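K.L.:
sharing a model prediction with you, sequence too.
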Amino acid sequence: MGKFNVLQHDLVPEHHVVPKKDEDKVLSEIGIARDLLPKISRSDPAIKALEEIHGPLESGTIIKIIRKSPTMGYSVYYRAISSEVFK
Amino acid sequence: MTGGISKRIYRIQFALLSPDEIRKMSQVKVITADTYDDDGYPIERGLMDLHMGVIEPGLKCATCGGKVDECPGHFGNIELAMPVVHVGFIKEIKTLLDSTCKSCGRIKLTEDEINSYAERFSQYSFSSSDPEIIGLMSKKVTDEASTRMVCPHCGTQQIKIILDKPTTFREEGIKVTPKEIRERLERIPDEDLQFFGLNNEVARPEWMVLTVLPVPPINVRPSITLETGERSEDDLTHKLVDIIRISQRLRESRDNGSPQLIIEDLWDLLQFHVTTYFDNQTAGIPPARHRSGRALKTLVQRLKGKEGRFRSNLSGKRVNFSARTVISPEPFLSINEVGVPEKAARELTVPVTVNIFNIDHVRELVARGPEARDSFGKYLAGVNYIIRPDGRRIKLTAQNAEENAKRVEPGWIVERQLTEGDIVLFNRQPSLHRMSMMGHTVRILTGQTFRFNLAVCTPYNADFDGDEMNLHIVQKEEARAEARIIMKVQEQIMSPRFGGPIIGGIHDHITAMFLLTHGNPLYTEAQTVHMLSYIKVDHMPPAEIVDGKRYYRGRDIFSLILPDGLNLKFASKLCSSAKEKCEFEDDPLDKEVYIVNGVMTHGTIDEAAVGSFSGEIIDKIFRKYGSEEAGKFIDNMTRLGVGFLTGRGFSTGINDYDIPDSAIARIDEISLQAIERTEKLVEAYRAGQLQPAPGRSVEDTLEIEVLSTTGAVRDESGKIASAFLGLSNPSVIMARSGARAKMLNISEVAGMVGQQSVRGGRLNRGYYNRTLPHFKPDDIGATARGFVKSSYKQGLNPLEYFMHSIGGREGLVDIAVRTSRSGYMQRRLINAFEDLKVDESLRVQDTVGAVIQFKYGEDGVDPTRSEKGETVDVDYLAFDIENQKEVE
Ligand SMILES: [Mg+2]
Ligand SMILES: [Zn+2]
Ligand SMILES: [Zn+2]
């Protein structure tokens, strides 16, 4: 059986890597310093799946997450890849 | 307080106290177990030696020369005759002994292993790395080393060490003395310590075996003088006395060359005392007790648990300006009010800063003194204290009131007693949601209890079987403004939990509204006036003339308390709750509540309309007209309910459950049939003729069949009983309107109690293969497995009663388990969320500024204002707009 891509699962929200050149724009748009962004573990299956596509992602890379919302349709969330691995 | 502490914590380091360090920080070597001499003066080198600080005024500290509140206290020390292990480090000692060689002290790893692990460890440092990671690595290494039975360094054969809880170590049954343990730990070289997560710069393993004990300063264990003049020592002092005594006897015995047995006994005793000195709840040993039989509170007990230093003293604060007493109901108060007893009101004060605008009023208040009453003897707010600008407090008495009134100047602060209209916070524990603490305005009442409107029982989860509640007097203008604008009861009608009203009618309110509106009865003018005398109305409802007399319709009376312009349509609880077809279902006049422009034309007002948790009318009034109107509606509705019931009267009793003998006989018959049918099923099962249901075993199939048989017979009996219990029956009125209980409860009383169950299945535990010794083993018939064919009214026979108790206990256990578990969960959630903040842009952040959510709840919707979780209720809006047009 081939390796399953978690990002294709119905219950996993969309994860997108924010390109390096757009990072500053995103940060100024939401008005938050990079280190105050919510974190995501670099061992997170979604990050591993993204690394399959983009190659290794360095810590601090911003991930844009688009979730379905019953009231809003969808909602956007940002996370920065943590330098640590969460347990 | 001014200033405060300006020091910041730079670093925290955890280390072990070495014996040298203990001696160095000690100001006195304590050698006598005595405390005070006959004159009550501390004995030198005793446990109360003045070198360790002072607690009595007049004496000076022998170390620093400070007086009572100047001396910070100083440590002393006790030299133990023989070493003892420290209970707090038992686990660590065990690992150290397990993974090192008993003769050379090296960790039982080969040189290669040591080198490779050392490299791994060198990537982490004790000062900056996560201790958890170091702990995990160390666990792995020590696990590996402890399995090795021959030392790779010196080749010594190892013996497995067993920990005999709590503090004894044994090798092949022979005790390893603390002295030996200490010697072995001493042999472990510094380089090997990193594998145990020990930082060799600050911790040597042998320090986990005590040779010297620090004696805490006297401030930590003050003695108290009882009224009789007798001195009572702190528990820690008692324990230290024991330790010194035994240590001395041990030293003497050892020096006289007493038999080994006696020495060992004393040594064990010393170990016991030192262990209980640290932790008096150590598993495996009896707690040390006071002469009175009370267990001593030693070091661990001081810190641990709900009553410990952390939860009780550091995270829990006690406050002034608060009161606590029993609560009782008062239907004539608004939901926004709280009745405060005079006695409490005299003690509770609000600070009023005097200025040129209020000085005349304040002078009048002060002149009244602290026990003010008007000419009718009614309570008036007086003043207890006056605070001058220099901070001096003047206690006001009836004698000095007049004189002090003249002295009051702008800038002074006057502590005024509680008065009607003051805003206060009212709270009942456990405070599980924000509605557990709400703002109320004060009404001063005679009596001894706090009182409030019954509609407010729901958010506080209060009843009046002895519940007590707390009252807090808000002291600052900003806080008072917040309490009025966001905490007042009417502002809390909507629950953030489900986006609907949590405050509404209960019990009698619902019964009354139901009786008032169901079938739209006619009331005489006298009856109507009585009802309306309870509420504020300026006109009578439209009258109907019958035989020249004026009558009024129930729905018209109810409409008086509805705001003008309210349009609403919803199904009443009456029909939606009926199990099968409801007898009122075809009559829209009963089934559907119809309100157009504030006039109710159809339907029955019941739980679905005005109840807490569900009240549709309250919900829509709150949304359309705001909190003020919603509060007013609840006030009026509850008062109208009381007015109605005081006129009509309403009571319930056991005769509500009278059914004809023929019905009882019929219920008997069907229950016997059920038992027979069960018998047949069992026979078929035993004969192996029972066909298993798809995907189930034969046993399961039998159980399911029996359960459905007994379930059906209970339903059937309920139906037979209900046929004779109509809507003229008070119990039925309460059940059908949603005021209290369910129809099921009625059928249990009048019809049959039915099958008892534990965890969804029939009762099956107790004795070996049977529930009670009255049955044959393996009897799986109806009665043997908890079928109760009696009704509560008939009474249960002893067997049935026993079965019923088993079933009932499950509920009790469930509740007990649930509350304790949800309580702890709640605590953890609160601790995790307590300093999160939602800012103006709806962003959720912690104190550091790290983002938790970019928009609160990811949609920015306030659940309190949501329509049961949804953003808008389009159907209702359409209905409302449609009917507004019609009116125009
Ligand atoms: Mg109670
Ligand atoms: Zn001192
Ligand atoms: Zn060795």
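P.N.:
Received it, and whenever you're ready, just let me know what you need. Ligands and ions are numbered 1, 2, ... in the order given.

K.L.:
so where's chain A uncertain?
P.N.:
For chain A, the stretches with pLDDT under 70 are A:1-2, A:87.

K.L.:
let's see 90
P.N.:
By pLDDT under 90, the low-scoring segments of chain A are A:1-8, A:10, A:20, A:29-35, A:42-43, A:52-60, A:69-73, A:82-87.

K.L.:
quick check, central residue of it?
P.N.:
A:Ile63 (2.7 Å; C-alpha atoms, centre = their mean).

K.L.:
what residues are up against it?
P.N.:
Residues near A:Ile63 by C-beta atoms under 8 Å, 6 or more residues apart in numbering or on different chains: A:His15, A:His16, A:Val17, A:Val18, A:Ile40, A:Ala46, A:Ile47, A:Leu50, A:Tyr78, A:Arg79, A:Ala80, A:Ile81. C-beta: built from backbone N, CA, C; applies to glycine.

K.L.:
tell me the secondary structure at it.
P.N.:
When classified by DSSP: H, G, I helix; E, B strand; the rest coil, A:Ile63 comes out as strand.

K.L.:
and the nearest residue to it once chain neighbours are set aside, how many neighbours does it have?
P.N.:
Excluding the flanking residues, the one nearest A:Ile63 by C-beta to C-beta, 6 or more residues apart in numbering or on different chains is A:Arg79, at 4.9 Å. Other residues near A:Arg79 come to 20 when the count uses other C-beta atoms under 10 Å in any protein chain shown.

K.L.:
ditto for B:Gly641
P.N.:
Neighbour tally, B:Gly641, other C-beta under 10 Å: 28.

K.L.:
A helix includes it, no?
P.N.:
Yes. B:Gly641 forms part of a helix when assessed by three-state DSSP.

K.L.:
which one is it nearest to, not counting chain neighbours?
P.N.:
In space, and not counting its chain neighbours, B:Gly641 is closest to B:Ala512: 3.5 Å by C-beta to C-beta, 6+ apart.

K.L.:
coming back round to it: of the contacts of A:Ile63, buried ones?
P.N.:
Using 16 or more other C-beta atoms under 10 Å in any protein chain shown as the burial test, those include A:His15, A:Val17, A:Val18, A:Ile40, A:Ala46, A:Ile47, A:Leu50, A:Tyr78, A:Arg79, A:Ala80, A:Ile81 as buried.

K.L.:
pretty sure the residue nearest to A:Ile63 sits in a helix.
P.N.:
No. Assigned with three-state DSSP, A:Arg79 falls outside any helix and is strand.

K.L.:
how near is it to A:Ile62?
P.N.:
7 Å (C-beta to C-beta, to the nearest Å).

K.L.:
need the overlap of contacts for the two.
P.N.:
A:Leu37.

K.L.:
ok, B:Gln853 - contacts?
P.N.:
A:Tyr77, B:Arg843, B:Val844.

K.L.:
turn those into CSV, including neighbour count.
P.N.:
What follows is the contacts of B:Gln853, written out as CSV (neighbours: other C-beta atoms under 10 Å in any protein chain shown):
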residue, neighbour count
A:Tyr77, 18
B:Arg843, 19
B:Val844, 18
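
K.L.:
now the host helix or strand of B:Pro459: mean pLDDT?
P.N.:
In this assignment (DSSP states H and E), B:Pro459 forms part of helix B:457-460. For helix B:457-460, the per-residue pLDDT values average out at 96.

K.L.:
residues of that helix that come out buried?
P.N.:
B:Cys457, B:Thr458, B:Pro459, B:Tyr460.

K.L.:
residues contacting the next helix or strand after it, please?
P.N.:
Downstream of helix B:457-460, the first helix or strand assigned by DSSP H and E is strand B:468-473. Strand B:468-473 is touched from outside by B:319, B:321-327, B:338, B:340, B:344, B:348-350, B:418, B:422, B:424-429, B:450, B:460, B:462, with contacts defined as C-beta under 8 Å, 6+ apart.

K.L.:
which of those fall in helices?
P.N.:
Among the contacts of strand B:468-473, DSSP state H puts B:Ala344, B:Tyr460 in helices.

K.L.:
out of the contacts of strand B:468-473, which end up buried?
P.N.:
With burial judged by 16+ other C-beta under 10 Å, the buried subset of the contacts of strand B:468-473 is B:321, B:323, B:325, B:327, B:338, B:340, B:344, B:348-350, B:418, B:422, B:424-428, B:450, B:460, B:462.

K.L.:
burial measure for A:Leu11, as a count.
P.N.:
Counted with other C-beta under 10 Å, residues neighbouring A:Leu11 total 6.

K.L.:
mind checking how far it is from B:Phe570?
P.N.:
A:Leu11 is 36 Å from B:Phe570, by C-beta to C-beta.

K.L.:
export stretch B:444-451 to CSV, keeping only CA atoms.
P.N.:
Provided in CSV are the C-alpha atoms of stretch B:444-451 (Å, rounded to 0.1, in the frame of the first residue of the first chain):
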residue,chain,number,x,y,z
ILE,B,444,-32.2,45.4,53.5
LEU,B,445,-34.5,42.8,55.2
THR,B,446,-35.1,41.7,58.7
GLY,B,447,-34.2,38.1,59.4
GLN,B,448,-30.9,36.2,59.3
THR,B,449,-30.7,34.9,55.7
PHE,B,450,-29.8,36.1,52.2
ARG,B,451,-32.9,36.0,50.0
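
K.L.:
mean confidence for it?
P.N.:
Mean pLDDT, computed over stretch B:444-451, is 96.

K.L.:
contacts made by that stretch with the rest, please.
P.N.:
Residues contacting stretch B:444-451 (C-beta under 8 Å, 6+ apart): B:325-330, B:333, B:338-343, B:345, B:379, B:418-420, B:426, B:469, B:471.

K.L.:
show me those that map onto strands.
P.N.:
B:Thr325, B:Val326, B:Ile327, B:Ser328, B:Pro329, B:Val338, B:Gly339, B:Val340, B:Pro341, B:Phe426, B:Met469, B:Leu471 (DSSP state E).
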